[in-house]
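[1] Compute the structure for the input listed below.
(one chain, ligands or ions: 1)
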Amino acid sequence: MLADVVTPLWRLDYEQQLSTKQQWCGEILNKFYDRKLTQSKQPKIHRIISSPVIEGYRNKDEFSVRTGADGNPKTVGFFIGKPVEGNVCCVPPTHLINVKERHKELSQIYQEFIRNSPLRACHDLHDGGYWRNLIVRSNSQNEVIAAVVVHPGGAMPDVVEKSKESLMHHFLNSGSNLKALYFQTCCQTRCASDVSPFILLYGEPYLYEELDGYKFRISPDSFFQVNPPAASLMYNAVLKMSHLNKKCTLLDLCCGTGAVSILASDYVRGSIGIEIVSQAVNDAVINAKMNSVTNCHFFCGRIEKTISKVFKEVEASPEIVIVLNPGRAGIDRAGIRAIRKIKQASRLIYISCKADSMSSMQNFHDLCNPKFDPSPAYHLTRMQPVDMFPHTNHCELIMLFQR
Ligand SMILES: C[S@@+](CC[C@H](N)C(=O)[O-])C[C@H]1O[C@@H](n2cnc3c(N)ncnc32)[C@H](O)[C@@H]1O
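    Numbering: from 1, shown residues only. Predicted coordinates:
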């Protein structure tokens, strides 16, 4: 049942999965036609790029704690069922094809620990429980870091301190072989490290990953694509579609740890990245330095608020290419309006992991609708799907907009 929820395509062979996703791209394009957002020339849909790895490819998993099928309230895994129907059940990830074995082992080690702890599990934010999620991240050398998230309201401060000690001992003595263990207190659904820092309990603070000959530092809270071999193919497709040259400046919007800017650095005059998570911006700055890349600059802030200030830096640029890669929530309409006003940008690449979400569709609409802003509207010219998430319904979509 869990496999059907998390990896609903797992029963199909991989070629069938790819055709399903290719077809889905056509459905996205139909939404453009329905909204009259395409011009007379039909956008080209390229053949989907398959993932070089289709099993155990995820380099990040976030396991939750709830009641399991046997009634144990300290079960670590993913949910099946619906909260509104009151039948949510937590199932260990044992049979999930996309999760690494090392990540599964760590979820077991955490489950064993919390089951022996006198502190309660926190199932919702107001139930007085303590133990919450386990975040596990790894790189292609199979080095692993983990972060345990707790609800500070579930224990007195001295108990919190003791729990950190015992957690540390458990992971050190359980054969977990972690590169680092982090601890975070969080009383909201999710806390960015700016709100509540990830505290290093032991080990080396960062994970490093290599992509196309470049090295990337990744902090516990920073974004990095979940499937690096597929990400490398995706970035190459983005570079190819961007038609970069030494006269142009790249605006890398929602730049995370700086991958797009750094991979493009040899082909452009320079690039400016904007990202909301400060840890990711710190990583991006270090990543540029570590790879002797000197023409990338990164700024921390919301695109919507920062872009006009940052744009002053590149105003004199004769040519600007924009790569916009927000999460599934897209960006605010004000951000798209500011982007539309950048008159030197005739090419914009939107990378979306959920192109059919309402917010992504709103972004596409605002990019393409002549009435949204007096600046020239974009139109969609190419779509390149990339299968970043085999066995799931999700698909990364690179979309080229031109004007
Ligand atoms: C899907 S990731 C892409 C990161 C990067 N392009 C890459 O390939 O590694 C999206 C990033 O956008 C950031 N982000 C989301 N909304 C944002 C906004 N409104 N302003 C600035 N950054 C934002 C997130 O923190 C996240 O790091």
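[2] contacts, neighbours, all on C-alpha from now
    Noted.
[3] quick one: contacts of the lowest-mean-pLDDT helix or strand in the chain?
    Within the chain, confidence by mean pLDDT, DSSP states H and E is lowest for helix 303-311 among all helices and strands, at a mean of 89. Here helix 303-311 makes contact (C-alpha atoms under 8 Å, 6 or more residues apart in numbering) with 253-254, 274-276, 299-300, 331-332, 334-336, 338-339.
[4] Those, buried ones only, as a PyMOL selection?
    The following PyMOL line selects those of the contacts of helix 303-311 that are buried, judged by 16 or more other C-alpha atoms under 10 Å:
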select buried, resi 253+254+274+275+276+299+300+331+335+336+338+339
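[5] quick one: contacts for the spatially most central residue of the chain?
    Nearest to the geometric centre of the chain sits Phe223, at 5.2 Å (C-alpha atoms, centre = their mean). Phe223 sits next to Gly256, Thr257, Ala280 when contact means C-alpha under 8 Å, 6+ apart.
[6] so the helix or strand just after the least confident helix or strand of the chain versus helix 303-311, what angle?
    Following helix 303-311 in sequence order, the next helix or strand is strand 319-324 (DSSP states H and E). Calculated by axes from the mean of the first three to the mean of the last three C-alpha atoms, to 10 degrees, strand 319-324 forms an angle of 160 degrees with helix 303-311.
[7] What is the helix or strand just after strand 319-324 packed up against?
    As assigned by DSSP H and E, the chain's next helix or strand after strand 319-324 is helix 333-340. Judged by 3 or more C-alpha pairs under 8 Å, 6 or more residues apart in numbering; DSSP states H and E, helix 333-340 is in contact with helix 303-311, helix 358-368.
[8] outside of stretch 277-289, which residues touch it?
    With C-alpha under 8 Å, 6+ apart as the test, stretch 277-289 has contacts from 192-194, 215-219, 221-223, 256-259, 262, 274-275, 294, 296-301.
[9] Go through that stretch and flag the buried ones.
    Val277, Ser278, Gln279, Ala280, Val281, Asn282, Asp283, Ala284, Val285, Ile286, Asn287, Ala288.
[10] what's the closest of these to the ligand?
    Of all the buried residues of stretch 277-289, the ligand sits closest to Val277, with 5.1 Å by C-alpha to the nearest ligand atom.
[11] Once you drop chain neighbours, what's closest to Met361?
    Take Met361 and drop its neighbours on the chain: the residue closest to it by C-alpha to C-alpha, 6 or more residues apart in numbering is Ala355, 6.7 Å away.
[12] what sits up against the host helix or strand of Leu263?
    Per DSSP H and E: Leu263 is located in helix 259-264. By C-alpha under 8 Å, 6+ apart, the residues outside helix 259-264 that reach it are 212, 214, 216, 235, 239, 250, 252, 255, 271-273, 284, 287-288, 293, 296.
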